[in-house]
Structures are given as structure tokens and as C-alpha cells.
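Undergrad: no FASTA, just this:
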């Protein structure tokens, strides 16, 4: 009983520190995100035809960036949106179509439909692009892939890019295997670890500085940095960055749990706890269960739809991520050991694309310990951290 009370107290303390940190960061220090620093960037947009890359997270206080610019007399001629759409209502992986913004009549171009990269004709009448999207700091979260393609299109068409920087809720650590570029895909385009520890503005600087764009091109990049922000800041996102990341806990767990998207394990899509629970029908421990069901606009056909999944309730596990400052690999190892090993990994090699390496599947199947697996990451992580230093904007 003493041990249970101690663990409960530790979890409560860590969660208190997290939310106190959020409050201190937002209220006492008054972190000012790039989009809120209108006096720093509105003058750069005056008398120009502007394109916006944004979604539901592109807010300036309680007003969308699009409306903020229009009210400031800025001519916005086109909006580009990533995965999940301009209003963030499309489920993961769902094709997003071009449309018209009902409120303003401005055309919306999908960068998660017919093309992931803006076409030359879509940029022909644009003088400058503004990128303002909330990221969560994981390599496989596709907003940084959209950033890459926007930068590449801007470089090829001579269009300057203005990035309005936002906090990284997982920016307080760096961890995971560094991507093997032979596994490059839209869920992993650059040789960075799973948790890259950079804001979207810093990441743009790294893409440019390392010449990762096609043919080593560089775009004309300006980043509007935040004020009163550091990488130790624990930041509460006021708007969900995507339909299945609804809580601070889910965002903290996302880098650890997204590996399961390449397996037969459900991460809670189709429940009220996405990325806060894991399970499958074959899991041997039956003490916790959930049943995925369709949720309109969030998960229309979830994995194991209508079936009872047994697994683990992780709704308080984010506190351990804060404490240890590393992703939790034990979730993956435990689920493999207690589930049907023959069907655990999907045959489409999506797991390798998410992990960014062909080794992790082999290491788990061979029974390698978490300590040994982590040790195999160290040389590449050390090299990455050294490279990362050149592009950091915050202490």
C-alpha cells in the first residue's frame, strides 16, 4: 500500500508540475507566439499578395490568422492547408479536397490531396507565403513534411516564406532512432530522430541550412520568433492540433505510441481516449479493455472496429515522459510480448517508415532489452544534437 501511495503521489506531483509549468509559461512569462507579434510581421506583408499555409491552429488570440490579416488590410489571395484540412476536421490519412472558405470566399488549396507541394500556377500571383501551423515535435507528424514541400516550392518559384513560430509541446527532449533516408516518406523526410526537439521555425532553419530541399535549394526564409519561450517550457496547446490529439497527455504520448500505427495494436482511435490507450483482441492481460467504434470526422473506420481490445490505460502516463525526458519504448516491447507475435507487425513495412529504421522491428522480435536498443541510437543522436545547435532560436 505504501508503494501504491508513493506512485500515486508521484504521478499527481508530476501532473501538477506540468500544469503549473503551463500556467507559469503562459501567464507569468506571457509567452508571445509568432502569430501574436503582429507589429513584427504585418509591415512585411503590406502591399503584397499573400498566401497562407494554415489550419485550425492558426489563431491570433481568439481570431484566425486569415481574419487577422484581412482586418489589417492585407490582401490574402489563397490559403493552403495540410493533412486534416483548413479547419482540422478530416481524419488522419483522409484525402482533403480543394475548396472555398465560406467565411471569406478565398480559395483553399489542399496540400494533402492531388498534390502535397504547391504547384507553380498556385504560386504565380503570390508575393509572399506565410506558414503558421502548430506542430507537436514528432518526425512522423506530417506538418513538417508539408513545411518541406512549401519551402521547396517557394525556393523554386522565388517566393519568400515567412514562418510564424509556435511552441513545441515535446520540445523539452530529443530521443528516438534517427531516420535512415532510404526509408524517406511523407511520415519521415529528414535524418532527424523521432523526437527532434525543435520548434517549427527552428526546423525550417534546419531544412534550409542543411540543404535538404530538392537539388540543395534554399528558400528566402524569415522566422518571426516567440518571446519568453525556452525549450524547457511545458506549453498547453489551446487548440487540438489534429482530431485525435485532444489532450496534453495524448500529445506527450504521441511520439511513443505512433509506432503502433505500423502494427495490429489500436491506439484508441474510435474511442474518447485516442493516443491514451493501447490494445488489441489478442492481448493476454484482460484487466483493461475498450471497444473502438466509428466517430464522425475523427475515425470513420477504426482499427478493430466493434471488437473488444485488451491492453493498457495510459491516461496518466504522460507525466513519466516529463519526468524521464525520453519517449517510452516499454509500451511497444510489452505489447509485443503479450500479443500475438505472428500478426503483431503489419506486412506493409509501415512500421519501418514510422521508426525510420529497419533495426527496431528486428531488435524487438529478438528480445533485445530497452537499454540495449537505446544504446544503438546513441551515435546518431549525438551527431544530430550537435547539428541541431546551429539552428536553435531559444535557450
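TA: It's in. This one's a predicted model, so the numbers in the text were calculated from it and none came from an experiment.

Undergrad: which ones are touching residue 264?
TA: Residues in contact with residue 264 (Cβ atoms under 8 Å, 6 or more residues apart in numbering) are 280, 282, 303, 339-340, 343-346. (Each C-beta comes from the backbone N, C-alpha and C, glycine too.)

Undergrad: what's the distance between it and residue 343?
TA: As judged by Cβ to Cβ, to the nearest Å, residue 264 and residue 343 stand 5 Å apart.

Undergrad: just residue 195 next, same as before
TA: 28 Å.

Undergrad: same deal with residue 247?
TA: Distance, residue 247 to residue 343, using Cβ to Cβ: 30 Å.

Undergrad: which one of those two has more residues nearby?
TA: residue 247 (17 against 12; other Cβ atoms under 10 Å).

Undergrad: Is the more buried one in contact with residue 276, as I believe?
TA: Yes: with contacts counted by Cβ atoms under 8 Å, residue 247 reaches residue 276, the gap being 6.8 Å.

Undergrad: And the pLDDT at residue 20?
TA: With respect to pLDDT, residue 20 scores 47.

Undergrad: Would you state the strands of the chain in chain order?
TA: Secondary structure of the chain (DSSP state E): strands at 49-54, 59-60, 63-64, 75-81, 99-100, 107-110, 128-132, 161-164, 175-178, 193-195, 221-224, 277-280, 289-290, 309-313.

Undergrad: Figure out which of the ones you listed is closest to residue 184.
TA: Closest of the strands of the chain to residue 184 is strand 175-178, at 12.4 Å (criterion: Cβ to Cβ).

Undergrad: List the contacts of the closest one.
TA: So strand 175-178 is in contact with 139, 191-195, 255, 325-327, 355-357, 359-360, 376-377, 380-381, 383-384, going by Cβ under 8 Å, 6+ apart.

Undergrad: now these: which count as buried?
TA: The neighbour-count test (16 or more other Cβ atoms under 10 Å) marks 139, 191-195, 255, 326-327, 355-357, 359-360, 377, 380-381, 384 as buried among these.

Undergrad: Does residue 155 touch residue 212 like I think?
TA: No: using Cβ under 8 Å as the test, residue 155 is too far from residue 212 to be in contact (11.1 Å).

Undergrad: what residues are shared contacts of residue 264 and residue 343?
TA: residue 282.

Undergrad: list the contacts for residue 64?
TA: 54, 58.

Undergrad: at 7 Å what do you get?
TA: Residues near residue 64 by Cβ atoms under 7 Å, 6 or more residues apart in numbering: residue 58.

Undergrad: Show me what it bridges to in the sheet.
TA: Residue 64 has these beta-bridge partners by DSSP bridges: residue 59.

Undergrad: what about it, distance to residue 369?
TA: Distance, residue 64 to residue 369, by Cβ to Cβ: 48 Å.

Undergrad: What residues sit buried inside stretch 166-181?
TA: In stretch 166-181, counting by 16+ other Cβ under 10 Å, buried: 166-180.

Undergrad: residue boundaries of the helices in this protein?
TA: Applying DSSP state H to the chain gives helices spanning 2-23, 38-45, 65-71, 120-123, 143-157, 200-209, 248-257, 318-324, 330-338, 350-355, 359-365, 370-388.

Undergrad: average model confidence for the second one?
TA: It stands for helix 38-45. For helix 38-45, the mean per-residue pLDDT is 98.

Undergrad: show me where pLDDT drops low in the stretch 51-200 of the chain?
TA: Applying pLDDT under 70 to the stretch 51-200 of the chain flags residues 84-85, 87-97.

Undergrad: mind running it again at 50?
TA: For the stretch 51-200 of the chain, the stretches with pLDDT under 50 are 88-93.

Undergrad: And stretch 235-254, end to end?
TA: Terminal residues of stretch 235-254 lie 15 Å apart, using Cα to Cα, to the nearest Å.

Undergrad: likewise stretch 197-215?
TA: Using Cα to Cα, the span of stretch 197-215 from its first residue to its last is 26 Å.

Undergrad: cool, and stretch 271-286?
TA: 18 Å.

Undergrad: what comes up buried for that stretch?
TA: Here stretch 271-286 shows 271, 273-280, 282-283 as buried, counting by 16+ other Cβ under 10 Å.

Undergrad: try stretch 126-143
TA: 126, 128-143.

Undergrad: do stretch 243-258 as well
TA: For stretch 243-258, by 16+ other Cβ under 10 Å, it's 243-258.

Undergrad: that older thread, out of the helices of the chain, which is the most enclosed?
TA: Across these, averaging neighbours per residue (mean count of other Cβ atoms under 10 Å) puts helix 248-257 on top, at a mean of 25.
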